[in-house]
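Enquirer: the following comprises the amino acid sequence and a computationally predicted model.
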Amino acid sequence: MSEVVTSKGPSTWRIVLAAIFDFFTAFWIFGLLIASIFGGSTDGGFNLQGGPAILLFFLIVAYFVIFNKFLGGTIWKRILRAKR
């Protein structure tokens, strides 16, 4: 008789925490980068409106799509070992 070994996936809390950390990481890195290029920097961080804000939105979406589809998972998924 052979034993069937099933691999248990990562905990749900790891997946959710990785997604939250990834969002905030991408938001701050891309936001500060765009603000420095387009002049939206403030003392407390950045303030983006119009085109730069839309660009930030698309970069965040692209981050999740590219990292998950082509690079095997986002940065925080790798750190927290939350890949499915």
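Expert: Yep, that arrived. Residues are numbered from 1 along each chain as shown.
Enquirer: who does the host helix or strand of Leu59 touch, helix- and strand-wise?
Expert: If you go by DSSP states H and E, Leu59 is part of helix 51-70. The contact analysis (3 or more C-beta pairs under 8 Å, 6 or more residues apart in numbering; DSSP states H and E) places helix 51-70 against helix 12-38, helix 75-79. All C-beta spots, glycine's among them, are computed from the backbone N, C-alpha and C.
Enquirer: ok, now with 10 Å
Expert: Of the remaining helices and strands, those touching helix 51-70 by 3 or more C-beta pairs under 10 Å, 6 or more residues apart in numbering; DSSP states H and E are helix 12-38, strand 45-46, helix 75-79.
Enquirer: mind checking which of these is nearest Val65?
Expert: Closest approach to Val65 among these is made by helix 12-38 (11.5 Å; C-beta to C-beta).
Enquirer: just give me the residue closest to the centre of this structure.
Expert: Centroid check for the chain by C-alpha atoms, centre = their mean gives Asp22 as the closest residue, at 3.0 Å.
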